[in-house]
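1. Here's a sequence, model it:
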Amino acid sequence: MTTTDTTKNTERISDPIHRVSYTFKREGENMWVDTWFEDGAHLPEHFHPASEERWAAVDGTLRVRLDGEWRDLRPEDGYVTVRPNVRHALKNESGRTVQGRTECIPALHLEEFLTESARAAREGLYNRHNLPTGWRGAVWAADFSRRFRDETVVTSPPPAVQRVFSAMLARFARD
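-> Have a look, this model is predicted:
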């Protein structure tokens, strides 16, 4: 039996670095994420070791990259499934805002990940290449990637590099 949580965060969470905004709706262990991609928006390549996503374009055309290959995603295409550990990215090159929707199975802590990443973007802790903009950003990035490494892994900088720097920065942050 599945329990449905109808609580919906209707406040849009804005990420100015990636040029997207989100709303979230939980349904038991799963979650729906509506994402508005401004023209030029880009969610960098990443993967989820422990969850699956099903992406769809609600209106307009999104570009989705699965395992290194870009393709268009339009409303008539329905959902594209992104299995665990499959690298994927999304972007909008349409000239207008496009809404996408994803079902996260299970959601785990994705809402927390996206909300915190958006907050850090608004505070200028990292740049559009996902690189920290200063010491405070480096400490945040090291802690952030460590906390979410089992659920969401951004592939730039490479995960091995992230692990090395995270360990070093964690040591300095404690001192």
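
2. Leaving out sequence neighbours, find the closest residue to Ser14.
-> Ser21 (4.5 Å; C-beta to C-beta, 6 or more residues apart in numbering). All C-beta atoms are positioned from the backbone trio N, CA, C, and that covers glycine.

3. residue boundaries of the helices in the protein?
-> 110-122, 135-148, 159-174 (DSSP state H).

4. Any stretches of this protein with poor pLDDT?
-> 1-9, 157, 159-160, 162-163, 170-175 (pLDDT under 70).

5. related to what we said a few turns ago, would you mind naming the residues that bridge with the residue nearest to Ser14?
-> Ser14, Trp36 (DSSP bridges).

6. Tell me which residues touch it, please.
-> Each residue near Ser21 by C-beta atoms under 8 Å, 6 or more residues apart in numbering is listed here: 12-15, 35-36.

7. Just put the residues you listed in TSV and tack on neighbour count and distance to Asn85.
-> As requested, the contacts of Ser21 are exported to TSV (neighbours: other C-beta atoms under 10 Å; distance: C-beta to C-beta, whole Å):
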residue	neighbour count	distance to Asn85
Arg12	13	30
Ile13	20	26
Ser14	16	29
Asp15	21	24
Thr35	25	21
Trp36	18	27
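
8. Out of these, flag the one nearest to Ala141.
-> Here the nearest of those to Ala141, counting by C-beta to C-beta, is Asp15; it sits at 14.9 Å.

9. nearest residue to the closest one other than its sequence neighbours?
-> Ala118 (3.8 Å).

10. dump the residue contacts of that neighbour.
-> 13-15, 22.
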